[in-house]
Structures are given as structure tokens and as C-alpha cells.
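>>> need coordinates for the below:
(chains A and B)
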Amino acid sequence: MRQRRVVTALAIPLVLAFVAASCGSDDSSSDTDTGGDTTEATTETETDDDTETDTTEAASAPEEVVTSVAEETESAVFGGSITIGLESEATGLRPWEDSCSSPCYHVMRSIYDPLMEQIGEGGYGPFLAESLESNEDFTVWTMTLRPDVTFHNGTPLTAQTIADMFPLQQAGAAGSSVIASANLVGVAAIDELTVEYTLDAPTVAFPATLASGPVGFPFDPAAAAADSAGYSTNPIGTGPFVMSSRDIDNETIVERNPDYWNVDANGDQLPYLDSISFRPIPDEGTRLDALLSGTTNAMMSLRQGTIRDARGASGIELIEFQGNNTGGGMYNTSIPPFDDVRVRSGLSRMNDQERVIEALGGTGISLPTTQWFSADNVWWTQEAADAYQSFDFEAGKALLQEYIDDPARSDGKAPGEKIDVELSCPPDPTLIAAMQVIEQVWTGSEQVNVTLTQFDQATHINNAVSDTHRAHCWRWGSEGDPSASINPFVAPSADSVANFPNFDDPEMLAWALEASATDDFERRKELYSNIMVRINEQAITWYSGGTAVMIAHEPGIRGFNSWTLPDGTLGVGIAPEAQARWFQVFISE
Amino acid sequence: MAKTVAFVLLRLIATLFAVTFLTFLMVALLPGDPVDTILGTGPRAPGIEEQIREDLNLDDPFFVRYFAWLGDAVTGDLGTSYITDQPVADTIQSRLPVTAQLAFMSIFIAVVIAIPVGVLGAYKQGKWADTVTSSAAQVALSIPNFIFGIFLIWLFAVQLNWLPASNWNRFSEGVLDNLKTSILPAMSLALAQMALFSRLVRSDMIATLRENYILSARAKGLSDRYILFRHALRPSSLSLMTIVGIAFGGLLGGTVIVESLFAVPGLGFSLIAAINGRDILVIQGITVFIAAMFVIINTVVDLLYAVLDPRIRRK
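Numbering: from 1, shown residues only, chains lettered A, B, ... in the order given. Here you go, the predicted model:
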């Protein structure tokens, strides 16, 4: 039995903007399944009044496809259950220990609440926290927790809870990584609800850390320490749903938390749904068929081919998002001939973006990119776009010829000999097609011998981490603060595995460090723009397009794109990577 | 007979030993560092790489690791997944019934259809019924099971809305509910088996029908049906029984693609996830288990074969 409740009335399409006409309604796209996934939850402490949200409108999405966050217009209804098809199983549900990708976060976000949460206009707002403030140099952050919050087992959430979580997070595979990147060295309970975080370096982006699962999702430290493995299958959070049953690789069911602290705009206790069933369905076609046949009520996808198919299906509704996750490739600059900028630039000039995007199946779905940020994002700059070495076959040939004729060419070959290039991507059909487009153009120059290689995803990433890669499919970007993804990328390659191209540039590193130590948004934007310009000038990477993602669902399911933070601020919808926040999802009548 | 059994068991032990060694070797030869897979591309806390190496004994020599693992494995301890923290034996235990059920069902469906089709083909050799069934078997053999699976999903789930497209209802949720989720993947797996079995039955039956005792039965005036199913079928089923055993063992490891397609939580589904995550102990555990089951089932079939056929027993 369902109870009706009025949630909100106004439809205020926040956002959106952009996707300028210049990006066009003709072709664009994204790279659905490139190599590694460097997307991370990050921080964004400032907002830019000129821009609005991270959510973007796909180039030619049909009118019935939702691409932006907006306040809910329909009356919320209590009750009902949803079954959603996810692209993979959550291998573990311990935020401090288990690495979690988008499908896993669907489940985790139903069980756990974040301390901070991303907001639609950019930046982060308090969720389980009531406030978060820093000292002047951003090395000490003081957080006040919301009162009267309890875990599913009845244990109250206090400042001491957060302090007790810290040793487990430090030892956890997931937590230790985030703690290292956040420069976090200490957590102390000041009083019942006040927590003090101490950092060993200025980190203006620290609020993003508290929105991330590994450090920002409170768990019961006593229960976790008592039975860590058991916590994975029977997690205890403060979130809107409690674990009901977990049949790994088949179905995970969560049920409404009757003691949930959060309320909607009318003061009614959340969540709206009675239960959610999460089903891992790895095959993209089957996942869509499951939705179309009514086996499931909703599905997620990170693949533009599936988005294309879903757009063509009837009887379902789509919410699409295209953020900062951009596909393309990179060069290992420590290995000849990629140690020479003429080769990198020459090959990048021969990256026919439109044809690559077409091969990826993204025409009309996602947009070409020139930097790590999509054109609608607050961090995107024209300077970086202008510095991108876009497709110019003849210019590319001239650069390669200069290298080929150089008696001191770095690959040790005799002048006049062709350049040997190995291009590697995971064995995804669309990626193979895109790789073949690039190969055709490079080979067509009659200056390059191209060898195509394919490795499974894990090996592909390993090759980049272990620096054995050459020209390598990859993707970059994050919906949050650029520091999380850019700073490790420009850190010295000897210290940072994330400096995949092994391009060491002290000036870029200095810009990144300065950007982490100031909250002057315009200055930070300028610094990160400098880095993007340098990356483009040095042709360290090349791009195809932004990665489009979606949640498709039966008509009548609402709330994916209209959820709000406790203070009423509109959230980021399904960003990043089609992640749902379940506490305000409902089934309308 | 005792000699036969002893020989078969000895061969079983040697084969299992070879299987474990080769599996361990192949996993060790997988490209890439499992530590990198576990830790991903983010920043790394000091000492965490070394800790994982120590936990997984990755710095020990190959043979030290192999014999340590083998020593545990023979006691049933296949280790604990570093990714999920769950014992590998528990993972196998929870997945095996699903895969075994799929294998049983697909073999059952295949045999039930293949025998009459094969008998019909033999009985009507060279006539249109034989041509039709032989051609159909040829077509069925050439269709990959996942393609047939996609067709079944499209037809029974999307178009007719009779059956769910994916996932698995366990027996505890009711037999009917279980059948609803298991029938499509089982049918996908059964198609090629059915074609193979029917061809086998047909060719064996044709040979049997030429035997003198069949002519004698016909001379006595026994009905064709009686001759076919009472006198000809049993001797024509020995090859089928062998192939069914091999097929069942093969299906335990051969359901990987179909399990992934239908999101069935069996051994294959877990194996794929483990390979993608470089979950070494799970890969080793499941692979060795599947291989061992295959070898054991074939050994049992060999022994049964000897029991049923006195000529083999005498050899």
C-alpha cells in the first residue's frame, strides 16, 4: 500500500547550458570502454556563478531523454520496489576496504550515507555532516556531525565513531589510497559531534574526500573490526536502506530503513521505496532486454552503444549524463619514439576525432573533447581547447617527416625509415573499430608501421601502471575537483603510478601544488588550464569524446535526477557514471 | 576388473596432479602484476604493495607457492579471495549447484530430444525425415550457444514476455520460479549437445540395425518400434553414454559464456569475474575444481563403460 506525499511542485530546470552550438548536433561521442578508469570522487570547494552544473546535454539527445538535473515536479509516492540491472557485481561492500566502481556504488549508496555530497551547481555540501570548515592554509578541517543519526544496528554516529574508523581506513586497500592522496594524517574527536581532520599538506579539495566512499562513508568501526569479512556481505551504515539478502553475483536486496534520519522537503521520513533489488547483468544486451521485458524496472549503462539501442526502444525512459570522463589515448613518453614531441604531435594530428567517434558508435550521443573537462564544465577553458592539436593530416605528416629525417632520431633508426608504433586497447568491439580507424590514418601516411595489440582490461591497466605501454587507449577526468585526477598525473613519475605517460614537468607539478593550496577559484582554474594547455602542446594525450552514461527505467520511476541534499540543495543527479542516490527515488502513480 | 579400476584411479591421480600444476602455471604466467590490479591506478600508501605480496606469497619461488597451495588444496582449503575476503571453497560450494543444474538440465533436454530424433533418422535413413533431422542437427551444431541464447531472450522474454531475461531464482524460491530462470540458459546449452547426440545415436543405430540379431528379430515378426527401442537402442547407446559423460564434465566449465549472458550465478560467472579482477586464488580454485570434475566424471564413465560392456571388462 502506498501513501501519497507531495514533494515539490516547481520544475526549475537548473542548469545546463552549454554544449555549445559549436559542438554541434552532428557527430560526437565518447569512448565507452577504454582502458583504465581514473575517475575518482573528488572535490570542488568553489562554485562558479557563470556556470551551473556538471550535468550536460548530449549533442542530439531526443527530447524525451532527460539530460539535466531538475527539481521534481511530480508528487512522491511512498512504497513499491524496484529491480535494477547493474553492469557488474559489487565485489565487496566495505567502503574502507573494497574498491568500488559505479555499479558497486549503486548498492553502497543505498546502505551508506556520505559525510559530504556533490551539489548540482558544483562543489560539495554537507550531508551527514552539518558543517565543514578549514583553517587558513587548508591543513586542518573541522567537521560538525548531524545529531541523532544512528547506524542500522542502533549504534549512534558520533565524532568518536569517525575517529575510530580512521585506523581501519588507513589499513584498508581503498581507504589508504584516498588518505594518501588527501594528505590526511590524523582524525580526532573534539567533542560529541565535532571531528578534526589534520592534513600534512594544504588540500583545498578535502571536502571531496569526505564525499568519497573509502573515507566519507561512515561505518560501524566496532562491528567492522570484529568481523571484517562478514561486514562485506552484511554491511552496516546509516543509509536509507538496510541489507535484506545478499546472493553474490545474483541478487542483493535492501529494504527500507525504518529509522532513517533524513526527511524530504515536507518533513516526511525518507526513503520512499520499500525495497530495491540489485541484479548484476554483465551483458549489455541482456540488461536492456531485461528492462524491456519487465524482468527489471531500471538499468544502468556506461556504454554509448547501449544508449543508442535504448534510445531506439519504446516503453522506457532515459536519463543521460555526459561528464568529464573523456576517452582517447596517451603515449608513454619515456619510450622512443614517443619521447619526441614531433612524433606525439604528428600522430595526434592524425587522430580523426569524428571518424573515431563514429567507429565508437557515439554519433549523436556524446561530444568530442579537447581536455579533461566537458565543454559545459566549470573547469573547461577556451585556452586549453585552442591548444588541442586537432585533426590535420598534412600537418601531422610534416611533423613525422621531420622526425624521420632527423639523423639523431630517438628510436635509433636510420633517417628515412618508418616509425614503429604499437597501439593497444582492450578487446572491446567498438574500441577495436576505433583503433582500426586510427591505424588506417597513421598507416595511410606511409610513415608509420602500426602494430595493434589487445589485452584484457586488467592487463591493459597493468601495462600502464608498470610503464610497459606505448600508445595506449585510456580515459581521464573526474566530476569533482581536478586535483584528485590531475595532481597524481603530473606528480613525478618515480613517485606516482598515475603519471602514466611518464612525463615529468616541474612547472606542471608546481601549478598543481599551488592549485591545491588556494581556494581562489579563478586562480585554480587558470592553473589547471595551464596544465591542460601544456598537455595539449606536448601532445601527451589524444582525445575522442566524452563518455556518455545513462540510467534507463520504466515510465513512472522518478527521483534519479532530482534528489536534494538535506538543506534542499539540488544534487548532481546520476553523476558520476550513472550512480543513483536511492533515498529520494519513488514510483509515481 | 580390479586391475582396470586400479589403472583408472592411478591415471586419475596423475591427471589431477598435472591439472593442478598446469593451472597454477598458467595463472602465474598471466601478464601483469596482481598487486597492480588489486590496488588500481590511485595513489598507494607506503608499504601496502609489500603487504599484499606477503599476504599472497607472491615473492616466493613458483614451486614453493605451488606445493604450499597444493598441500592446502588436498585438505579442501583453496584459500581466501583477496578481493572479496570470502573462502574460495565457499564460492565454489555456492556456485556449483547452479552450474550443475544447468548442465543436468541441458543434458536432459538434449538427450530427451536427441534419442527419438536419432532413432528416427536411423530408421528412415536416406528418406526425407532423415534428411530433415540431419540438416537440422547440422544447423544446430553451427549455431553458437550464446547466439541461440540471445534469440531465446528476444523471443521468450522481450516478445512473448513468458520468461525472465536474466538472473536466477534458487530452488528455495520454488521449483517453478527456478525453472522460469533456468530453462532458457539450459536450452541455449542444450542445442549443440542435442545435435551432437542425435547424430551419434543415428550413426550407432544404423550400424546396430544391420546386425544379425536385428534381422532375426524382424524375422520373428516383432514390431519396428519394439525392435528399435528394446533391441537396438541399448547397444547403440554406449557411445552416447560416453559422450554424455564428457559433455557433462565439459559443461561444468563450458557454461561461462551462457552464464554471463543470462547473468546466472554459477561457476563460470565467478570465474570470469575472478579473471577480470586477477583474483588469483579464485581463478586457481575454480579452474582446478572444474578440471578435476571433468577428469573424475570421465573416469566414472570409463568405469561404467567397463561395467556395461563385457568386452571392455575382459580386455
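
>>> residue in chain B nearest to chain A?
Closest approach between chain B and chain A, counting by C-beta to the nearest C-beta: residue B:32, at 3.0 Å. Quick note: C-beta positions are derived from backbone N, CA and C, even for glycine.

>>> what's the residue nearest to that residue when sequence neighbours are not counted sitting at in phi/psi?
Nearest residue to residue B:32, sequence neighbours excluded (C-beta to C-beta, 6 or more residues apart in numbering or on different chains): residue A:462, at 3.0 Å. Main-chain torsions, residue A:462, degrees, to the nearest 10: phi -60, psi -40.

>>> so what's the residue count around residue A:462?
24 (other C-beta atoms under 10 Å in any protein chain shown).

>>> which helices and strands sit right next to the helix ranked longest in chain B?
Scanning chain B for the longest helix, with DSSP state H as the assignment, gives helix B:88-123. Counting by 3 or more C-beta pairs under 8 Å, 6 or more residues apart in numbering or on different chains; DSSP states H and E, the packing neighbours recorded for helix B:88-123 are helix B:128-142, helix B:175-208, helix B:233-236, helix B:238-254, helix B:256-262, helix B:267-276, helix B:280-308.

>>> coming back round to it: these two touch, right, the residue nearest to residue B:32 and residue B:39?
No: because the distance of 10.6 Å does not satisfy C-beta atoms under 8 Å, residue A:462 is recorded as not touching residue B:39.

>>> tell me which residues touch the residue nearest to residue A:341 when sequence neighbours are not counted, please.
Distance criterion C-beta to C-beta, 6+ apart; nearest residue to residue A:341, sequence neighbours excluded, is residue A:538 at 5.7 Å. By C-beta atoms under 8 Å, 6 or more residues apart in numbering or on different chains, residue A:538 lies in contact with A:341, A:344, A:503, A:505.

>>> rewinding a little: can I assume the residue of chain B closest to chain A sits in a strand?
No: counting by DSSP: H, G, I helix; E, B strand; the rest coil, residue B:32 falls outside a strand, being coil.

>>> that one: what's it in contact with?
Applying C-beta under 8 Å, 6+ apart to residue B:32 gives the contacts A:458, A:459, A:461, A:462, A:463, A:466, B:278.

>>> and if you look at residue B:89?
Taking C-beta under 8 Å, 6+ apart, we find residue B:89 in contact with B:76, B:77, B:78, B:285.

>>> repeat that with 7 Å
B:76, B:77, B:78 (C-beta atoms under 7 Å, 6 or more residues apart in numbering or on different chains).

>>> those, buried ones only, as a ChimeraX selection?
Here is the ChimeraX selection string for the buried members of those, based on 16 or more other C-beta atoms under 10 Å in any protein chain shown:
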select /B:78
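
>>> could I get the contacts of residue B:89 as CSV with distance to chain A, pLDDT and secondary structure?
Listed next are the contacts of residue B:89 as CSV, based on distance: C-beta to the nearest C-beta, whole Å; pLDDT from 0 to 100; DSSP: H, G, I helix; E, B strand; the rest coil:
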residue, distance to chain A, pLDDT, secondary structure
B:76, 18, 87, coil
B:77, 15, 90, coil
B:78, 16, 90, coil
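
>>> and of the contacts of residue B:89, the nearest to residue A:311?
Of all the contacts of residue B:89, residue A:311 sits closest to residue B:78, with 45.3 Å by C-beta to C-beta.

>>> neighbour-wise, which of the contacts of residue A:538 leads?
Ranking the contacts of residue A:538 using other C-beta under 10 Å puts residue A:344 first, with 26 neighbours.

>>> confidence score at that one?
With respect to pLDDT, residue A:344 scores 97.

>>> do the one 3 residues further on as well
In this model, residue A:347 is scored at 96, pLDDT.

>>> so what's it closest to, chain neighbours aside?
Among residues not flanking residue A:347 along the chain, residue A:442 sits closest, at 6.4 Å (C-beta to C-beta, 6+ apart).

>>> where does the one you found land in three-state SS?
Classified using three-state DSSP, residue A:442 is helix.

>>> show me what from chain B comes close to chain A.
B:31-33, B:36-45, B:48, B:83-86, B:150, B:153-154, B:157-158, B:161, B:164-168, B:260-263, B:265, B:269-270, B:273, B:276-278 (C-beta under 7 Å from any C-beta of the partner chain).

>>> flag every residue of the stretch 201-350 of chain A that's near chain B.
Counting by C-beta under 7 Å from any C-beta, the stretch 201-350 of chain A sits next to chain B at A:228-229, A:232, A:247, A:249-251, A:279-283, A:285-286, A:289-290, A:292-295.

>>> let's see that with 10 Å instead.
Neighbours of chain B within the stretch 201-350 of chain A, by C-beta under 10 Å from any C-beta of the partner chain: A:214, A:228-233, A:247-251, A:277, A:279-283, A:285-296, A:313.

>>> among the residues you listed, name the buried ones.
Buried, going by 16+ other C-beta under 10 Å: A:214, A:228-229, A:231-233, A:248-251, A:277, A:279-283, A:285-293, A:295-296, out of these.

>>> now residue A:368. Its backbone dihedrals?
Recorded main-chain torsions at residue A:368 are phi -60, psi 150, according to degrees, to the nearest 10.

>>> and the residue nearest to residue A:341, how far from chain B?
21 Å (C-beta to the nearest C-beta, to the nearest Å).

>>> show the pLDDT at that residue.
Note for residue A:538: predicted pLDDT of 97.

>>> now the one 4 residues further on
With respect to pLDDT, residue A:542 has a value of 95.

>>> one more: residue B:311?
Residue B:311 is assigned 60 on the pLDDT scale.

>>> the residue nearest in space to the middle of chain B: what's it in contact with?
When C-alpha atoms, centre = their mean is applied to chain B, the residue found nearest the centroid is residue B:251 (1.5 Å). Going by C-beta atoms under 10 Å, 6 or more residues apart in numbering or on different chains, residue B:251 touches B:99-100, B:102-107, B:110, B:186, B:189-190, B:193, B:258, B:268, B:290, B:294.

>>> mind redoing it with 6 Å?
Residue B:251 makes contact with residue B:103, according to C-beta atoms under 6 Å, 6 or more residues apart in numbering or on different chains.

>>> tell me the residues of the stretch 351-500 of chain A that contact chain B?
When proximity is defined as C-beta under 6 Å from any C-beta of the partner chain, the stretch 351-500 of chain A approaches chain B at A:458, A:459, A:462, A:465, A:488, A:498.

>>> and the furthest pair within these?
A:459 and A:488 (21.4 Å).

>>> doesn't residue A:378 make contact with residue A:122?
Yes: using C-beta atoms under 6 Å, residue A:122 makes contact with residue A:378 at a distance of 5.1 Å.
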